[in-house]
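Q: predicted model and sequence follow; I will ask about them next.
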Amino acid sequence: MFRSIDAFLSYFDGVQRRALRDIGALPPEADGWRPPAGAGEKAWPVNTIVGHIAGARLYFVSAYRGEGWISPAAPDVSSRDRWLPALQDSYERLRGALAGTPDAWLERKIPLIDSDGSISGWRILLLMAEHDIHHRSQLDTYAGLNGWDPPQIYDRAWEQVEAKQPEQRARYGRA
(Lines give C-alpha, C1' and ligand atoms only; values in the text may rest on other atoms or scores of the structure.)
Protein backbone atom coordinates (compact mmCIF):
# COMPACT_ATOMS: atom_id res chain seq x y z
CA MET A 1 0.00 0.00 0.00
CA PHE A 2 1.20 3.51 -0.74
CA ARG A 3 1.24 6.01 2.11
CA SER A 4 1.77 9.14 0.00
CA ILE A 5 0.62 10.28 -3.40
CA ASP A 6 4.23 11.19 -4.23
CA ALA A 7 5.29 7.58 -3.58
CA PHE A 8 2.55 6.33 -5.88
CA LEU A 9 3.50 8.82 -8.62
CA SER A 10 7.13 7.76 -8.35
CA TYR A 11 6.02 4.15 -8.82
CA PHE A 12 3.75 5.03 -11.73
CA ASP A 13 6.64 6.88 -13.42
CA GLY A 14 8.16 3.41 -13.94
CA VAL A 15 4.90 2.00 -15.25
CA GLN A 16 4.82 4.85 -17.78
CA ARG A 17 8.45 4.33 -18.82
CA ARG A 18 7.80 0.64 -19.50
CA ALA A 19 4.59 1.40 -21.40
CA LEU A 20 6.44 3.85 -23.64
CA ARG A 21 9.30 1.35 -24.09
CA ASP A 22 7.12 -1.62 -24.98
CA ILE A 23 4.58 0.17 -27.14
CA GLY A 24 7.32 2.21 -28.79
CA ALA A 25 9.10 -1.03 -29.70
CA LEU A 26 6.13 -2.37 -31.66
CA PRO A 27 6.99 -2.47 -35.37
CA PRO A 28 5.08 -0.63 -38.12
CA GLU A 29 3.14 -3.80 -38.96
CA ALA A 30 1.54 -3.64 -35.48
CA ASP A 31 -0.44 -0.61 -36.64
CA GLY A 32 -3.95 -1.95 -37.14
CA TRP A 33 -3.06 -5.55 -36.26
CA ARG A 34 -5.81 -7.46 -34.47
CA PRO A 35 -6.22 -11.04 -33.28
CA PRO A 36 -7.57 -13.35 -35.98
CA ALA A 37 -10.52 -14.47 -33.84
CA GLY A 38 -12.66 -13.27 -31.00
CA ALA A 39 -15.11 -10.49 -30.28
CA GLY A 40 -15.11 -7.39 -28.13
CA GLU A 41 -12.04 -6.65 -26.07
CA LYS A 42 -10.57 -10.03 -27.08
CA ALA A 43 -10.39 -8.82 -30.68
CA TRP A 44 -9.38 -5.18 -30.30
CA PRO A 45 -6.69 -3.98 -32.68
CA VAL A 46 -3.41 -2.80 -31.19
CA ASN A 47 -4.43 0.83 -31.80
CA THR A 48 -7.58 0.43 -29.71
CA ILE A 49 -5.67 -1.18 -26.84
CA VAL A 50 -3.18 1.69 -26.78
CA GLY A 51 -6.04 4.19 -26.71
CA HIS A 52 -7.76 2.18 -24.01
CA ILE A 53 -4.64 2.27 -21.81
CA ALA A 54 -4.38 6.04 -22.21
CA GLY A 55 -8.07 6.69 -21.58
CA ALA A 56 -8.54 4.25 -18.73
CA ARG A 57 -5.86 5.99 -16.70
CA LEU A 58 -8.04 9.09 -16.59
CA TYR A 59 -11.13 6.99 -15.80
CA PHE A 60 -9.42 5.71 -12.63
CA VAL A 61 -8.13 9.20 -11.78
CA SER A 62 -11.67 10.58 -12.03
CA ALA A 63 -12.88 7.95 -9.57
CA TYR A 64 -9.95 8.56 -7.22
CA ARG A 65 -10.66 12.28 -7.16
CA GLY A 66 -14.28 11.60 -6.23
CA GLU A 67 -15.52 12.86 -9.61
CA GLY A 68 -17.20 9.62 -10.66
CA TRP A 69 -16.17 6.66 -12.75
CA ILE A 70 -16.17 8.80 -15.89
CA SER A 71 -14.35 7.75 -19.07
CA PRO A 72 -12.82 10.54 -21.12
CA ALA A 73 -13.16 10.74 -24.87
CA ALA A 74 -10.88 8.20 -26.53
CA PRO A 75 -7.60 9.69 -27.76
CA ASP A 76 -6.72 9.61 -31.43
CA VAL A 77 -4.53 6.54 -31.84
CA SER A 78 -5.48 5.93 -35.45
CA SER A 79 -1.86 5.50 -36.47
CA ARG A 80 1.32 4.28 -34.82
CA ASP A 81 2.84 7.77 -34.70
CA ARG A 82 0.01 8.85 -32.36
CA TRP A 83 0.44 6.07 -29.80
CA LEU A 84 3.26 7.48 -27.68
CA PRO A 85 1.92 11.06 -27.70
CA ALA A 86 -1.46 9.74 -26.49
CA LEU A 87 0.21 7.81 -23.67
CA GLN A 88 2.36 10.79 -22.74
CA ASP A 89 -0.62 13.14 -22.73
CA SER A 90 -2.63 10.81 -20.47
CA TYR A 91 0.36 10.46 -18.16
CA GLU A 92 0.81 14.22 -17.89
CA ARG A 93 -2.91 14.70 -17.24
CA LEU A 94 -2.81 11.90 -14.65
CA ARG A 95 0.15 13.50 -12.87
CA GLY A 96 -1.47 16.93 -12.97
CA ALA A 97 -4.69 15.58 -11.49
CA LEU A 98 -3.01 13.55 -8.73
CA ALA A 99 0.00 15.68 -7.71
CA GLY A 100 -0.77 17.67 -4.62
CA THR A 101 -3.89 15.72 -3.66
CA PRO A 102 -4.03 15.00 0.07
CA ASP A 103 -2.35 11.79 1.18
CA ALA A 104 -5.48 11.16 3.26
CA TRP A 105 -7.32 10.48 -0.02
CA LEU A 106 -5.39 7.22 -0.26
CA GLU A 107 -7.42 5.92 2.69
CA ARG A 108 -10.81 7.45 1.93
CA LYS A 109 -13.51 5.18 0.58
CA ILE A 110 -14.77 5.66 -2.98
CA PRO A 111 -18.13 4.18 -4.06
CA LEU A 112 -17.84 1.52 -6.74
CA ILE A 113 -19.46 2.00 -10.15
CA ASP A 114 -21.45 -1.23 -10.21
CA SER A 115 -22.32 -2.14 -6.62
CA ASP A 116 -23.11 -0.67 -3.23
CA GLY A 117 -19.55 -1.27 -2.05
CA SER A 118 -16.62 1.08 -1.85
CA ILE A 119 -12.84 0.77 -1.95
CA SER A 120 -9.93 2.78 -0.64
CA GLY A 121 -8.30 5.37 -2.87
CA TRP A 122 -4.98 3.52 -2.88
CA ARG A 123 -6.76 0.46 -4.29
CA ILE A 124 -8.14 2.52 -7.17
CA LEU A 125 -4.64 3.70 -7.99
CA LEU A 126 -3.35 0.12 -7.89
CA LEU A 127 -6.23 -0.98 -10.12
CA MET A 128 -5.12 1.67 -12.59
CA ALA A 129 -1.52 0.47 -12.52
CA GLU A 130 -2.54 -3.19 -12.84
CA HIS A 131 -4.86 -2.32 -15.73
CA ASP A 132 -2.01 -0.53 -17.52
CA ILE A 133 0.33 -3.48 -16.96
CA HIS A 134 -2.33 -6.01 -17.99
CA HIS A 135 -2.83 -4.41 -21.39
CA ARG A 136 0.89 -3.78 -21.88
CA SER A 137 1.38 -7.51 -21.31
CA GLN A 138 -1.40 -8.22 -23.80
CA LEU A 139 0.50 -6.20 -26.41
CA ASP A 140 3.77 -7.94 -25.51
CA THR A 141 2.01 -11.29 -26.00
CA TYR A 142 0.74 -10.16 -29.40
CA ALA A 143 4.30 -9.14 -30.25
CA GLY A 144 5.61 -12.58 -29.34
CA LEU A 145 2.90 -14.33 -31.33
CA ASN A 146 3.79 -12.27 -34.39
CA GLY A 147 7.54 -12.73 -34.07
CA TRP A 148 8.06 -9.09 -33.07
CA ASP A 149 10.63 -8.78 -30.30
CA PRO A 150 9.00 -7.58 -27.09
CA PRO A 151 11.46 -5.75 -24.82
CA GLN A 152 12.74 -7.68 -21.82
CA ILE A 153 11.43 -6.20 -18.60
CA TYR A 154 14.77 -6.63 -16.80
CA ASP A 155 16.98 -6.36 -19.90
CA ARG A 156 17.60 -10.10 -19.90
CA ALA A 157 15.75 -13.12 -21.21
CA TRP A 158 14.93 -16.11 -19.04
CA GLU A 159 17.45 -18.13 -21.02
CA GLN A 160 20.18 -15.79 -19.75
CA VAL A 161 19.01 -16.27 -16.15
CA GLU A 162 18.92 -20.04 -16.64
CA ALA A 163 22.47 -20.03 -17.96
CA LYS A 164 23.61 -18.51 -14.64
CA GLN A 165 21.88 -21.15 -12.50
CA PRO A 166 24.82 -23.60 -12.18
CA GLU A 167 27.07 -20.77 -10.99
CA GLN A 168 24.44 -19.53 -8.52
CA ARG A 169 23.73 -23.02 -7.19
CA ALA A 170 27.44 -23.63 -6.66
CA ARG A 171 27.95 -20.25 -4.97
CA TYR A 172 25.10 -20.78 -2.52
CA GLY A 173 25.57 -24.51 -1.96
CA ARG A 174 22.37 -25.56 -3.60
CA ALA A 175 23.67 -28.03 -6.14
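A: Sure thing, it's come through.

Q: all strands for the protein, in order.
A: With DSSP state E as the criterion, the chain has strands at 109-111, 118-120.

Q: take those strands and write them to a markdown table, including mean pLDDT, distance to residue 38 and mean neighbour count.
A: (C-beta placed from N, C-alpha, C; glycine too.) Formatted as a markdown table, these follow (pLDDT from 0 to 100; distance: least, Cβ to Cβ, whole Å; neighbours: other Cβ atoms under 10 Å):
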| stretch | mean pLDDT | distance to residue 38 | mean neighbour count |
| --- | --- | --- | --- |
| strand 109-111 | 97 | 32 | 14 |
| strand 118-120 | 97 | 30 | 13 |
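
Q: show me the contacts for the closest residue in space to residue 54 that isn't next to it in sequence.
A: Leaving aside its sequence neighbours, residue 54 sits nearest to residue 90 (Cβ to Cβ, 6 or more residues apart in numbering; 3.9 Å). By Cβ atoms under 8 Å, 6 or more residues apart in numbering, the contact set of residue 90 is 53-55, 57-58, 75.

Q: spatially central residue for the protein, please.
A: Closest residue to the average C-alpha location of the chain: residue 132 at 1.8 Å, with Cα atoms, centre = their mean.

Q: gap between that one and residue 102?
A: 24 Å (Cβ to Cβ, to the nearest Å).

Q: which helix of the protein spans the most residues?
A: As assigned by DSSP state H, the longest helix anywhere in the chain is helix 121-146.

Q: show me what that helix is packed against.
A: Other elements packing on helix 121-146 under the criterion 3 or more Cβ pairs under 8 Å, 6 or more residues apart in numbering; DSSP states H and E are helix 5-24, helix 46-64.
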